[in-house]
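[1] Structure here, sequence nowhere to be found:
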């Protein structure tokens with residue numbers, strides 16, 4: 001458990017350092033990552049079952065229509 005926590009903290013720090021070296025605002029990077037980690041779950045919780053089904057059907061159709 002402790003290793004997992006250290007690994008996660010190190011990964012966030014490394015990604016923040018990389019973003020800073022690319023000229024990005026470090027505070028914005030950390031906030032964006034924080035929102036990105038919870039965004040999908042929060043969106044799914046808000047959607048009705050009918051809307052989730054509609055989105056899933058659209059995604060499935062898009063996958064089956066692809067020409068590789």
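    Arrived safely, thanks for sending. All figures in this text were calculated on a predicted structure; none of them were measured in a lab.
[2] Could you check how far the strand or helix carrying residue 53 is from the centre of its chain?
    Using DSSP states H and E, residue 53 sits within helix 49-65. How far helix 49-65 lies from its chain's middle: 20 Å, per C-alpha atoms, centre = their mean, to the nearest Å.
[3] Tell me which residues of that helix come out buried.
    With burial defined by 16 or more other C-beta atoms under 10 Å, not one residue of helix 49-65 is counted as buried. Where C-beta positions appear, they are placed from N, C-alpha and C, glycine not excepted.
[4] contacts for that helix?
    Outside helix 49-65, the residues that touch it by C-beta atoms under 8 Å, 6 or more residues apart in numbering are 44, 47.
[5] Now do that helix, average pLDDT.
    Mean pLDDT, helix 49-65: 93.
[6] Check stretch 29-45 too.
    Stretch 29-45 shows a mean pLDDT of 76.
[7] So for it, what gets flagged as buried?
    For stretch 29-45, by 16+ other C-beta under 10 Å, it's residue 29.
[8] Distance from it to the middle of the chain?
    Centroid displacement of stretch 29-45 relative to its chain, using C-alpha atoms, centre = their mean, is 6 Å.
[9] what's the answer for stretch 46-62, then?
    19 Å.
[10] try stretch 28-42
    Put simply, stretch 28-42 sits 6 Å off its chain's centre (C-alpha atoms, centre = their mean).
[11] Where does residue 24 sit: helix, strand or coil?
    When classified by DSSP: H, G, I helix; E, B strand; the rest coil, residue 24 comes out as coil.
[12] Ramachandran angles for it?
    Per-residue torsions, residue 24: phi -90, psi 160 (degrees, to the nearest 10).
[13] Kindly state the pLDDT recorded for it?
    Here the pLDDT value assigned to residue 24 is 75.
[14] same check, this time on residue 11
    pLDDT, residue 11: 70.
[15] what's the answer for the one 3 residues further on, then?
    At residue 14 the predicted local distance difference test score is 69.
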